[in-house]
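Trainee: This is a predicted model, with the sequence first.
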Amino acid sequence: MMEEKVFRLPAVAGVLEGKYIEARLHTDHAELGEENRTLQQEMTGSIAQPIYLIIDPKTGAQHGRQDGATVGDDGAEFIEFLEAGWSAVRG
């Protein structure tokens, strides 16, 4: 849902493409699903989906977390999450 409706919005896509590197854990993968579920549990304390994390690539520190999808028509709520995480990582 987020990939189809929110990530593709021009305003959201601009923030994602300009400031972020995306990494995904596919927990339904035939070979890696169990390993990825374990990693997700370790990183988030949850196996719920979706969970979005903003992680500093240099330190590994978590600077943002959003549990669940946002359904706003214009993506403003998700952009706010992304911008706050970007500011925290940049210091």
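Mentor: Received it, and whenever you're ready, just let me know what you need.
Trainee: Could you tell me how far the strand or helix carrying E80 lies from the centre of the chain?
Mentor: Secondary structure from DSSP states H and E places E80 in helix 76-90. Taking C-alpha atoms, centre = their mean, to the nearest Å, the mean C-alpha location of helix 76-90 is offset from the chain mean by 11 Å.
Trainee: before we move on, what about stretch 6-25?
Mentor: For stretch 6-25, the gap between its own C-alpha mean and the chain's C-alpha mean amounts to 9 Å (C-alpha atoms, centre = their mean).
Trainee: Would you mind measuring the gap between the ends of that stretch?
Mentor: End-to-end span of stretch 6-25 (C-alpha to C-alpha, to the nearest Å): 19 Å.
Trainee: Show residues contacting that stretch.
Mentor: Contacting residues not belonging to stretch 6-25 are listed as 36, 39-40, 54, 57, 69-70, 72, 74-76, 78-79, 82-83, 86 [C-beta atoms under 8 Å, 6 or more residues apart in numbering]. Backbone N, C-alpha and C define where each C-beta goes, glycine included.
Trainee: nearest residue to R65 other than its sequence neighbours?
Mentor: Using C-beta to C-beta, 6 or more residues apart in numbering and skipping residues adjacent in sequence, the residue nearest R65 is L53, 5.5 Å away.
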